[in-house]
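Peer 1: Quick one, what's the 3D model for this:
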Amino acid sequence: MLQCFGLLLLLLAFGSNLNAQKHHFKYVHPKTNSVRIPFKLVNNLVVIPLRINDSDTLNFILDTGVRHTLVTQLSVKDSLQLNYYRHTQLLGLGKGDPIPAVQSYANTLYLPGLVGQDLEVVFLEQAIIDFSSSMGMNVHGLLGYDLFQEFVVDINYVQKHLTLRRAFVPKRGRWTAIPLTIQNGKPYIKATVWHQQDTAQVKLLADLGASFALSLYQFGAHHLPEPTATLPALIGRGLNGEVHGKIGRTDGCQLGTYRLNSPVANYPDSAFVAASIAIGQRQGILGAGIFRRFHCRIHYADSVMWIKPNRYFKSSFTYNRSGIEVLAPVPGLAFYRIVYAPSHSPGYKAGLREGDQITYLNRQPVTQMTIDEVLGYLHGSRSKKVKVEVSRNGQPLRFVLELKDQL
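Peer 2: I've put the predicted structure just below:
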């Protein structure tokens, strides 16, 4: 499965004034001072329920990389009424043309325990990005700055819930404060990355909507050389198309006082990220593959993120050793199809092809598996040799997939 790449969203036709009066959320119960919202964790991404105006409950990814609430797609049974809109265009990662969108005003957002009024929502006129197929469930969009600008956002990846409160005073010694720089509604963070004899302090976009651990740009100031062992990769898809590059394993990354050893990093080709470099003057992205190793509390108003390690902290960094991409074309149904199988990949060499429907993994029916469990097999985190049974043109075929670490 392709990793969900952080999206750079630029309103081209009509700019937004970040200094304008804030649109405040209110607690449903006036006497409360916090709300807790359970979430689903899929491929490192936090998915929360919300409603927009009179819509049914929708699923949105919590994403620090977006300035506006963004509706990316609706299913045939979903309906949504937007208020006071005008047409605009969006620009994102990839090489394609700007994407037509609708910018709507004076909308109401409903989250468990919260109501947000007079908010902007951007709606893609075309279903450019299909989060639903890559996550095995209906996902309708991205929610970011509107929430983070008003609350201390507490993300508990172990217990899978958010806590939103107006203020937070950390207990001495239990939390480490990481300074943030907020630019154009997005948080940037300083981290130290090293490989062999080279060390660099880099400015990274702190992006909860990017499922990978780390993305490093190999041009401009403060960049490190690529690792000796890399693999060509289709890193992800942005608003403007596919993002190509390489993946490799750097020696380490330090966030505050915490050292993370041997993270897998993306190295996107320069043509796909040129716009993001110009806007944020950054050297890469720190993604949810790292943040999920911490209990995080993010406070834009004080320009700080507090972190403390959780039980995932020492987990090894994995990557898709099969080299193939699997999607769930019918969200909510355990039906998994191979949609990308490059000839250099171990999956292709084992005999797997685009269009194959996966039916069994190590003799276990995939009808009982989530997409995260399927990916666990393909990443080699469950076993190094996987028996894969597929249906191809109605015929069952069996293959043995060897998952060697090539990084």
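Peer 1: Sheet partners, orientation included, of the longest strand that the chain contains?
Peer 2: In the chain, assigned by DSSP state E, the strand with the most residues is strand 99-111. On the basis of DSSP bridges, the sheet neighbours of strand 99-111 come out as strand 45-52 (antiparallel), strand 85-91 (antiparallel), strand 114-124 (antiparallel).
Peer 1: Tell me which of those lies nearest to residue 192.
Peer 2: Distances from residue 192 to each of those were compared using C-beta to C-beta; the minimum, 25.6 Å, belongs to strand 45-52. Where you see a C-beta, it was placed from the backbone N, CA and C, and this is true even at glycine.
Peer 1: After that closest one, heading C-terminal, what element do we hit next?
Peer 2: Downstream of strand 45-52, the next assigned helix or strand under DSSP states H and E is strand 58-62.
Peer 1: Which neighbouring elements make contact with that following strand?
Peer 2: In terms of contact count using 3 or more C-beta pairs under 8 Å, 6 or more residues apart in numbering; DSSP states H and E, strand 58-62 is assigned the packing partners strand 45-52, strand 141-143.
Peer 1: Dump those strands to CSV, plus distance to residue 185.
Peer 2: Supplementary listing: the helices and strands packed on strand 58-62 in CSV, determined by distance: least, C-beta to C-beta, whole Å:
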stretch, distance to residue 185
strand 45-52, 18
strand 141-143, 13
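Peer 1: of all those strands, which lies closest to residue 162?
Peer 2: Of all the helices and strands packed on strand 58-62, the one in closest proximity to residue 162, counting by C-beta to C-beta, is strand 45-52 (6.7 Å).
Peer 1: could I get that closest one in CSV with only the CA atoms?
Peer 2: Listed in CSV are the C-alpha atoms of strand 45-52, where the atom choice follows Å, rounded to 0.1, in the frame of the first residue of the first chain:
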residue,chain,number,x,y,z
LEU,A,45,-3.1,7.9,10.8
VAL,A,46,-5.7,9.2,13.2
VAL,A,47,-9.3,9.0,11.9
ILE,A,48,-12.1,10.9,13.8
PRO,A,49,-15.8,11.3,13.2
LEU,A,50,-17.4,14.6,12.4
ARG,A,51,-20.4,16.2,10.7
ILE,A,52,-20.5,19.2,8.5
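Peer 1: quick one: that strand to strand 58-62, angle?
Peer 2: Angle between the axes of strand 45-52 and strand 58-62 is 130 degrees (criterion: axes from the mean of the first three to the mean of the last three C-alpha atoms, to 10 degrees).
Peer 1: Would you report the backbone torsion angles of residue 134?
Peer 2: As for residue 134, its main-chain torsions (degrees, to the nearest 10) stand at phi -80, psi -10.
Peer 1: so residue 233 is in which element?
Peer 2: Secondary structure assigned from DSSP H and E places residue 233 in strand 230-238.
Peer 1: so what does that strand touch, helix or strand wise?
Peer 2: Counting contacts by 3+ C-beta pairs under 8 Å, 6+ apart, the secondary-structure elements packed against strand 230-238 are strand 241-249, strand 264-268.
Peer 1: Do me a favour and average the pLDDT over whichever helix or strand residue 295 is part of.
Peer 2: When secondary structure is defined by DSSP H and E, residue 295 falls within strand 294-299. Over the span of strand 294-299, the pLDDT mean works out to 96.
Peer 1: Outside of that strand itself, list whatever touches it.
Peer 2: For strand 294-299, the external contacting residues (C-beta atoms under 8 Å, 6 or more residues apart in numbering) are 64, 148, 152-158, 168, 170, 175, 180, 187, 258, 305-310, 313.
Peer 1: again, but for stretch 395-403
Peer 2: Contacts for stretch 395-403 (C-beta under 8 Å, 6+ apart): 321-322, 346-347, 350-352, 356, 359, 378-380, 383-391.
Peer 1: now the angle from the strand holding residue 233 to strand 85-91?
Peer 2: 170 degrees.
Peer 1: For stretch 256-265, buried residues please.
Peer 2: Of the residues in stretch 256-265, those buried by neighbour count under the rule 16 or more other C-beta atoms under 10 Å are 256, 258, 260, 263-265.
Peer 1: that older thread, which members of the contacts of stretch 395-403 are positioned in strands?
Peer 2: With DSSP E as the criterion, strands contain 359, 385-391 from among these.
Peer 1: Need the max-distance pair from those.
Peer 2: Of all pairs drawn from the ones in strands among the contacts of stretch 395-403, the one with the largest separation by C-beta to C-beta is 385 and 391; the distance is 21.3 Å.
Peer 1: Okay, the residue nearest to residue 379 when sequence neighbours are not counted and residue 226: tell me how far apart.
Peer 2: In this structure, residue 379 finds its nearest non-sequential neighbour in residue 318, 4.5 Å apart by C-beta to C-beta, 6 or more residues apart in numbering. In this structure, residue 318 and residue 226 are separated by 20 Å, where distance is defined by C-beta to C-beta, to the nearest Å.
Peer 1: Ok, residue 214 next?
Peer 2: Looking at residue 214 against residue 226, where the rule is C-beta to C-beta, the gap reads 13 Å.
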